[in-house]
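Peer 1: Based on what follows, work out the 3D shape:
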Amino acid sequence: MEHSQTRLSEVVRTEQLCPDIFRLTLMAPKIAQEAQPGQFVMVQTAAGLDPLLRRPFSIHQVAAAGTVQILFKVVGRGTQLLSQFRQGDTLSIIGPFGKGFALPHPGEEKNICLVGGGMGIAPMLFLAKRLLRASTGGGRLLALLGARTGSEIAVLQDDFAHLGIETAIATDDGSSGHHGLVTQLMLQAMEPGEEWQVLTCGPYPMMRGVVEICQGMQWPCQVSLETMMACGMGACLGCAITNPKDLSGYLHVCKDGPVFEMSEVAWR
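Peer 2: Alright, predicted model coming up:
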């Protein structure tokens with residue numbers, strides 16, 4: 001797949017979901033057509049060369065009209081600048097990059113649980129829509145979402161609910177849903193002895209907890225890793241992680257992932 005050509009995309013919509021979380025809708029027909037759940041794009045966050053490096057963002061949603069959405073939290077200068085883009089502005093975006101989630105084959109109905117935490121919820125909505133499109137109703141689809149506060153997750157919770165997906169949330173401060181960890185929701189909603197496939201994205205400690213549950217229950221689990229990337233193509237080697245099957249070697253999140261089977265990641 002060719003990514004070398006820079007694509008200027010028009011900002012179709014800017015949403016501020018809470019004080020520091022934003023969602024941008026961009027006109028990017030080629031990316032929207034090619035994208036698979038779990039893949040990401042690299043975005044230039046300013047018109048000039050400062051910041052120089054692009055930022056990676058999971059693909060949050062795509063639409064038949066050719067739009068692509070990204071969801072992000074303002075955590076530094078790059079995302080602060082990105083939050084200032086308005087409808088009609090243009091920015092540079094390339095992608096899609098990486099390996100996405102392995103989806104069930106048509107007619108292969110399974111109980112699937114999506115576990116998202118913080119900005120790791122971003123790829124879960126795109127994933128949920130693709131799973132619904134392929135489903136014939138023979139399996140259960142459950143979304144468990146975690147955040148620090150209810151204000152961070154309210155709009156995203158509604159997005160899943162509008163799809164008709166069974167959804168439960170957990171917040172650190174107890175302002176909405178379960179007061180505690182999203183992994184605690186897994187233990188409440190998923191019975192031992194049931195067969196589940198778990199797909200997760202979020203902070204490393206959260207995903208490690210998800211993996212520990214899946215290992216104990218013998219449930220297959222795919223994890224989408226969040227890490228800093230400078231190039232998105234494996235050239236800079238900045239996103240290397242230890243290969244648990246060969247401790248002298250490495251995997252690269254940008255091209256070997258960002259989605260891995262849980263056994264492909266060294267969790268300790």
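Peer 1: Each with direction, which strands does the longest strand anywhere in the chain pair with?
Peer 2: In the chain, ranked by residue count with DSSP state E as the criterion, the top strand is strand 7-18. Note on strand 7-18: by DSSP bridges, its sheet partners are strand 21-27 (antiparallel), strand 90-97 (antiparallel).
Peer 1: Ramachandran angles for residue 185?
Peer 2: Dihedral angles of residue 185 (phi, psi; degrees, to the nearest 10) stand at phi -70, psi -30.
Peer 1: closest to residue 127 out of the strands paired with strand 7-18?
Peer 2: Comparing the strands paired with strand 7-18 against residue 127 with C-beta to C-beta, the closest turns out to be strand 90-97 (13.6 Å). Bear in mind the C-beta positions are built from the backbone N, C-alpha and C, glycine included.
Peer 1: Restricting to C-alpha, output the closest one in PDB.
Peer 2: Output in PDB follows, covering the C-alpha atoms of strand 90-97 (Å, rounded to 0.1, in the frame of the first residue of the first chain):
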ATOM      1  CA  THR A  90      -6.700  21.600   5.900                       C
ATOM      2  CA  LEU A  91      -4.100  19.400   7.400                       C
ATOM      3  CA  SER A  92      -1.700  16.700   6.200                       C
ATOM      4  CA  ILE A  93      -2.600  13.100   6.900                       C
ATOM      5  CA  ILE A  94      -1.100   9.900   5.600                       C
ATOM      6  CA  GLY A  95      -2.200   6.200   6.200                       C
ATOM      7  CA  PRO A  96      -3.700   3.900   7.000                       C
ATOM      8  CA  PHE A  97      -0.800   2.200   8.700                       C
END
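Peer 1: what's the distance between that strand and the middle of its chain?
Peer 2: 16 Å (C-alpha atoms, centre = their mean, to the nearest Å).
Peer 1: got the contact list for that strand?
Peer 2: 1, 3, 5-11, 26, 28, 31, 34-36, 39-45, 47, 54, 56, 59, 68, 82, 85, 232-233, 254-255 (C-beta atoms under 8 Å, 6 or more residues apart in numbering).
Peer 1: among these, which ones are buried?
Peer 2: Buried members of those, scored by 16 or more other C-beta atoms under 10 Å, are 7, 9, 11, 26, 28, 31, 35-36, 39-45, 54, 56, 59, 68, 82, 85, 232-233, 254-255.
Peer 1: Can you tell me which of these end up in strands?
Peer 2: Using DSSP E, the buried ones among the contacts of strand 90-97 in strands are 7, 9, 11, 26, 40-43, 56, 68.
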